[in-house]
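Can you look at this prediction? I've put the sequence above it.
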Amino acid sequence: QVQLVESGGGLVQAGGSLRVSCAASGRTFSKYVMGWFRQAPGKEREFVAAVSWSGGSSYYADSMKGRFTISRDNAKNTVYLQMNSLKPEDTAVYYCAASTRVASRSSDYGYWGQGTQVTVSS
(Lines give C-alpha, C1' and ligand atoms only; values in the text may rest on other atoms or scores of the structure.)
Protein backbone atom coordinates (compact mmCIF):
# COMPACT_ATOMS: atom_id res chain seq x y z
CA GLN A 1 0.00 0.00 0.00
CA VAL A 2 1.16 3.53 -0.68
CA GLN A 3 -0.04 6.93 0.48
CA LEU A 4 0.43 9.94 -1.76
CA VAL A 5 0.63 13.63 -0.89
CA GLU A 6 0.84 16.30 -3.56
CA SER A 7 2.34 19.75 -3.11
CA GLY A 8 3.54 22.71 -5.13
CA GLY A 9 0.32 23.92 -6.68
CA GLY A 10 -0.54 27.58 -6.84
CA LEU A 11 -1.33 30.57 -9.00
CA VAL A 12 0.81 31.33 -12.04
CA GLN A 13 0.44 33.62 -15.02
CA ALA A 14 -0.08 32.26 -18.51
CA GLY A 15 3.25 31.38 -20.07
CA GLY A 16 4.80 30.65 -16.70
CA SER A 17 6.07 27.46 -15.14
CA LEU A 18 5.26 25.43 -12.08
CA ARG A 19 6.48 22.16 -10.63
CA VAL A 20 4.21 19.98 -8.55
CA SER A 21 5.49 17.12 -6.43
CA CYS A 22 4.03 13.98 -4.98
CA ALA A 23 5.60 12.31 -1.99
CA ALA A 24 4.85 8.65 -1.36
CA SER A 25 5.01 6.77 1.88
CA GLY A 26 6.19 3.21 2.23
CA ARG A 27 9.11 1.22 0.91
CA THR A 28 7.46 -0.02 -2.28
CA PHE A 29 7.44 3.21 -4.28
CA SER A 30 9.68 1.80 -7.00
CA LYS A 31 7.20 -1.03 -7.62
CA TYR A 32 4.59 1.39 -8.94
CA VAL A 33 4.11 3.23 -12.15
CA MET A 34 3.31 6.80 -11.20
CA GLY A 35 0.89 9.00 -13.03
CA TRP A 36 -0.49 12.50 -12.97
CA PHE A 37 -4.10 13.30 -13.74
CA ARG A 38 -6.04 16.53 -13.61
CA GLN A 39 -9.64 17.57 -13.23
CA ALA A 40 -11.03 20.96 -14.13
CA PRO A 41 -14.38 22.19 -12.79
CA GLY A 42 -17.27 20.52 -14.60
CA LYS A 43 -14.97 18.19 -16.50
CA GLU A 44 -13.91 14.59 -16.18
CA ARG A 45 -10.57 13.62 -14.76
CA GLU A 46 -8.02 13.32 -17.55
CA PHE A 47 -4.65 11.66 -17.93
CA VAL A 48 -1.63 13.96 -17.99
CA ALA A 49 1.47 11.79 -17.83
CA ALA A 50 2.96 8.60 -16.43
CA VAL A 51 6.45 7.40 -15.64
CA SER A 52 7.71 3.85 -15.48
CA TRP A 53 9.02 2.10 -12.38
CA SER A 54 12.65 3.11 -12.93
CA GLY A 55 11.85 6.46 -14.51
CA GLY A 56 13.36 5.37 -17.80
CA SER A 57 10.16 5.74 -19.78
CA SER A 58 7.51 8.42 -19.72
CA TYR A 59 4.16 8.83 -21.40
CA TYR A 60 2.10 11.93 -22.06
CA ALA A 61 -1.30 13.00 -23.21
CA ASP A 62 -0.98 14.62 -26.61
CA SER A 63 -1.92 18.09 -25.37
CA MET A 64 0.86 18.02 -22.77
CA LYS A 65 3.71 16.77 -24.94
CA GLY A 66 6.52 19.28 -25.15
CA ARG A 67 5.22 21.38 -22.26
CA PHE A 68 5.06 18.97 -19.33
CA THR A 69 7.77 16.66 -18.02
CA ILE A 70 7.21 13.87 -15.54
CA SER A 71 10.09 12.47 -13.52
CA ARG A 72 10.67 10.48 -10.36
CA ASP A 73 13.30 10.07 -7.70
CA ASN A 74 12.97 6.62 -6.16
CA ALA A 75 15.50 7.46 -3.46
CA LYS A 76 13.19 10.24 -2.29
CA ASN A 77 9.92 8.41 -3.00
CA THR A 78 8.83 11.40 -5.02
CA VAL A 79 7.36 12.02 -8.46
CA TYR A 80 7.39 15.41 -10.12
CA LEU A 81 5.49 17.16 -12.86
CA GLN A 82 7.26 20.12 -14.40
CA MET A 83 4.81 22.31 -16.30
CA ASN A 84 6.01 24.97 -18.72
CA SER A 85 4.24 27.38 -21.05
CA LEU A 86 1.14 27.12 -18.92
CA LYS A 87 -2.22 28.12 -20.34
CA PRO A 88 -5.44 29.12 -18.60
CA GLU A 89 -6.95 25.84 -19.78
CA ASP A 90 -4.36 24.01 -17.67
CA THR A 91 -6.21 25.22 -14.58
CA ALA A 92 -7.30 22.16 -12.63
CA VAL A 93 -6.74 20.07 -9.56
CA TYR A 94 -3.73 17.88 -10.25
CA TYR A 95 -3.63 14.41 -8.75
CA CYS A 96 -0.85 11.88 -8.57
CA ALA A 97 -1.67 8.21 -8.61
CA ALA A 98 0.05 4.84 -8.44
CA SER A 99 -0.53 1.80 -10.60
CA THR A 100 1.02 -1.63 -10.99
CA ARG A 101 1.21 -1.17 -14.75
CA VAL A 102 1.68 1.51 -17.38
CA ALA A 103 -1.76 2.95 -18.05
CA SER A 104 -3.63 6.12 -18.93
CA ARG A 105 -7.04 5.17 -17.56
CA SER A 106 -7.79 6.42 -14.09
CA SER A 107 -9.44 3.09 -13.29
CA ASP A 108 -6.05 1.40 -13.60
CA TYR A 109 -4.66 3.42 -10.70
CA GLY A 110 -5.39 2.09 -7.26
CA TYR A 111 -3.86 4.78 -5.10
CA TRP A 112 -4.51 8.51 -5.26
CA GLY A 113 -3.40 11.67 -3.55
CA GLN A 114 -5.74 14.39 -2.40
CA GLY A 115 -4.81 16.74 -5.24
CA THR A 116 -3.21 20.16 -5.53
CA GLN A 117 -4.81 23.17 -7.20
CA VAL A 118 -3.08 24.78 -10.14
CA THR A 119 -4.55 28.03 -11.40
CA VAL A 120 -3.26 29.77 -14.51
CA SER A 121 -4.33 33.36 -14.95
CA SER A 122 -4.61 35.02 -18.35
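Now that the structure is in, tell me what you want to look at. Residues are numbered from 1 along each chain as shown.

Tell me who's in contact with the closest residue to Ser17 other than its chain neighbours.
With CB to CB, 6 or more residues apart in numbering as the measure, Asn84 is the residue that lies nearest to Ser17, at 4.7 Å, once sequence neighbours are left out. In this view, the C-beta of every residue, glycine as well, is placed from N, C-alpha and C. When the contact criterion is CB atoms under 8 Å, 6 or more residues apart in numbering, the partners of Asn84 are Ser17, Arg67, Phe68, Thr69.

and the residue nearest the centre of the chain, helix, strand or coil?
By CA atoms, centre = their mean, the mean C-alpha position of the chain lies nearest to Trp36, the distance being 2.5 Å. Three-state secondary structure (criterion: DSSP: H, G, I helix; E, B strand; the rest coil) places Trp36 in strand.

Next one: it from Ala61, what distance?
Distance of Trp36 to Ala61, computed by CB to CB, to the nearest Å: 10 Å.

can you check Glu6 too?
Glu6 is 18 Å from Ala61, where distance means CB to CB.

Tell me the predicted confidence for the residue lying closest to Gln39 once chain neighbours are set aside.
Residue nearest to Gln39 in three dimensions, not counting chain neighbours: Arg45, with 4.2 Å by CB to CB, 6+ apart. For Arg45, the pLDDT comes out at 97.
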